[in-house]
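Engineer: Here's a sequence, model it:
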Amino acid sequence: MIIVSKYLVPKGYTGFAFFPFVFVKHTYLKEDTCLLNHEKIHLRQQLELLIVPFYVFYGIEFLVRLYQYKRWHLAYRNISFEREAYNNESNLAYLRHRPFWCFLKYISNHDVPIT
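Structural biologist: Prediction:
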């Protein structure tokens, strides 16, 4: 279910997923297929980790990345869940073929950090 609320979506973001909902800042974003696919990838990740552990893991990884990169945006973009979602948001067939716990392959920092 998609919920439009400019007050619930944090400043600097256009949307976020909080199982089972996708929140977007503006009504026109309900038509943004890449954004919605990005958020649906997060919903799948949340389901795989049984929701609460997803947020714990996300928060811990964010703190590790913040220590590593020293910048909020770089830390956020390099969380494994975000790397997977950003790398696959334009592939609308991704969720049909996505392996279980696929975000794990994005934990490794062998790649150049996403900026």
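Engineer: Could you double-check that residue 39 sits in contact with residue 22?
Structural biologist: Yes - between residue 39 and residue 22 there is a contact at 4.4 Å, judged by C-beta atoms under 8 Å. Every residue, glycine included, has its C-beta placed from N, CA and C.
Engineer: intersection of neighbour lists for these two?
Structural biologist: Here residue 39 and residue 22 have 15-16 as joint contacts, going by C-beta atoms under 8 Å, 6 or more residues apart in numbering.
Engineer: secondary structure element for the residue lying closest to residue 55 once chain neighbours are set aside?
Structural biologist: Using C-beta to C-beta, 6 or more residues apart in numbering and skipping residues adjacent in sequence, the residue nearest residue 55 is residue 46, 8.0 Å away. Using DSSP states H and E, residue 46 sits in helix 33-48.
Engineer: buried residues in the next helix or strand after that helix?
Structural biologist: Sequence order places helix 52-69 as the next helix or strand after helix 33-48, per DSSP H and E. Buried residues in helix 52-69, defined by neighbour count with 16 or more other C-beta atoms under 10 Å: 54, 57-58, 61-62, 65-66, 69.
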